[in-house]
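Asker: Predicted model, plus sequence, below.
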Amino acid sequence: MSFDLNDILPQLANGSAHTHALGFVLEGRDEDRIRLRVPWREDLVGDPDTGVLSSGLVTTLLDHVGGMAVWVAAKQFVPIATLDLRVDYMRAAHPRRDLIAEARCYRLTHSIAFVRAWAFEDSPDDPAAAAQSAYMVDSRAGRPIGANLKPKGSASA
Amino acid sequence: MSDLLNRQPYARFLGLETATEDGVLTVTMPFADHLVGDPILPALHGGSTAALLEFTAIAQLAQAYPALKLPRPINVSVAYLRSGRPLAVHARARISKAGRRVANVLAEAWQDDPAQPIASLTAHFLMSSNN
């Protein structure tokens, strides 16, 4: 099975139920850097007094764009799982504004991918948040479709 | 749900529910289709679990320091220990240190067995008074 990764990037941006519900959209790709946008929405806000997107949503955006950077580095879709993710919130996001996240996988080994990512409104030079994360590559190895639906003990965690 | 989380639109988007028993706060994210990030396994999106942990830490701080404004995260570090199955996720937080300006909080999330956490969080929050 082979297809051009660029053709499926829009689906990888919002093809799951969660990313679709959040309204993520692919913003673009420039070589090994990839950008994802989350359009501002009232129900994604943290503190309703400020109209600023929730920091938990920013974490999800950075987690997801980081995963997309792994696929860009691997030049294909492979099952991945976030191992850990650290997010610094340098400033509050601007009220009622979309956020863009950009990520780059700066090291890809056989089993682990190392990623840095930023979230901003206008320019990566003025980030609201930054992330450093690591992903397991080919995380599903050996686990069949629906593995998580089986009773505990019949599939490895 | 506590007033605090109920006021936050994104906590409502995730469907978070709060329960307090003997002073211990537990935040639950009931399973919902729109939380799934990997439809093949299927597994919850790690971001939804991370957000649950962060909200749990904030709710724990707000419970311990009701006079303070909503604590703002400085940074969070999440370790994903097991994939989140299509089940409810529960989370509890512990305040390791609360200084005048910064609090450090640990939180863990699990599904059917608290001894088998699916994710853990370490976070720093900026504390500021209302006046």
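Answerer: Yes, it's here. What you see is a predicted model; the values in this text were computed from it and never measured. Residues are numbered from 1 along each chain as shown, chains lettered A, B, ... in the order given.

Asker: wait, what's in contact with the closest residue to residue B:14 other than its chain neighbours?
Answerer: Distances taken as C-beta to C-beta, 6 or more residues apart in numbering or on different chains put residue B:29 closest to residue B:14, at 5.6 Å, once the chain neighbours are dropped. Every C-beta, even on glycine, is put in place using the N, C-alpha and C of the backbone. Remark: with contacts taken as C-beta atoms under 8 Å, 6 or more residues apart in numbering or on different chains, residue B:29 is in contact with B:14, B:15, B:16, B:17, B:35, B:48, B:49, B:52, B:88, B:89, B:90, B:91.

Asker: gap between the two ends of stretch B:111-120?
Answerer: For stretch B:111-120, the separation between the terminal residues is 13 Å (C-alpha to C-alpha, to the nearest Å).

Asker: Tell me how far it lies from the chain's centre.
Answerer: Going by C-alpha atoms, centre = their mean, to the nearest Å, the spacing between the C-alpha centre of stretch B:111-120 and its chain's C-alpha centre is 13 Å.

Asker: Angles on the backbone of the residue nearest to residue B:14, please.
Answerer: phi -110, psi 100 (degrees, to the nearest 10).

Asker: can you check residue A:112 too?
Answerer: Here the main-chain torsion angles of residue A:112 (degrees, to the nearest 10) amount to phi -130, psi 140.

Asker: In contact with it, which residues?
Answerer: Counting by C-beta under 8 Å, 6+ apart, residue A:112 touches A:83, A:134, A:135, A:136, A:137.

Asker: Show me what the residue nearest to residue B:14 bridges to in the sheet.
Answerer: Assessed by DSSP bridges, residue B:29 has beta-bridge partners residue B:89.

Asker: Chain B: helices as residue ranges?
Answerer: Counting by DSSP state H, residue ranges of the helices within chain B are B:3-6, B:9-13, B:46-64.

Asker: Which of the ones you listed comes out lowest on mean pLDDT?
Answerer: Of all the helices of chain B, the minimum mean pLDDT falls on helix B:3-6 (a mean of 82).

Asker: by contact count, what packs against that one?
Answerer: helix B:9-13, helix B:46-64 (3 or more C-beta pairs under 8 Å, 6 or more residues apart in numbering or on different chains; DSSP states H and E).

Asker: and the last one, is it in reach of chain A?
Answerer: Looking back up the chat, that one is helix B:46-64. Yes. Applying C-beta under 8 Å from any C-beta of the partner chain, one finds helix B:46-64 touching chain A at B:46, B:47, B:48, B:50, B:51, B:52, B:54, B:55.

Asker: Now do the buried residues in that helix.
Answerer: For helix B:46-64, the neighbour count (16 or more other C-beta atoms under 10 Å in any protein chain shown) marks B:46-63 as buried.

Asker: residues touching residue B:36, list them.
Answerer: If a contact means C-beta under 8 Å, 6+ apart, then residue B:36 has A:16, A:17, A:18, B:42, B:43, B:44, B:45, B:86 as its contacts.

Asker: Tell me the confidence at it?
Answerer: Note on residue B:36: pLDDT of 96.

Asker: so can I have a markdown table of the helices of chain B showing distance to residue B:100?
Answerer: Putting the helices of chain B into a markdown table (distance: least, C-beta to C-beta, whole Å) gives the following:
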| stretch | distance to residue B:100 |
| --- | --- |
| helix B:3-6 | 21 |
| helix B:9-13 | 27 |
| helix B:46-64 | 14 |
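
Asker: Against residue B:6, how distant is the residue nearest to residue B:36 when sequence neighbours are not counted?
Answerer: In this structure, residue B:36 finds its nearest non-sequential neighbour in residue A:17, 4.4 Å apart by C-beta to C-beta, 6+ apart. Distance of residue A:17 to residue B:6, computed by C-beta to C-beta, to the nearest Å: 24 Å.

Asker: Residue B:73 too?
Answerer: Taking C-beta to C-beta as the measure, residue B:73 and residue B:6 are separated by 19 Å.
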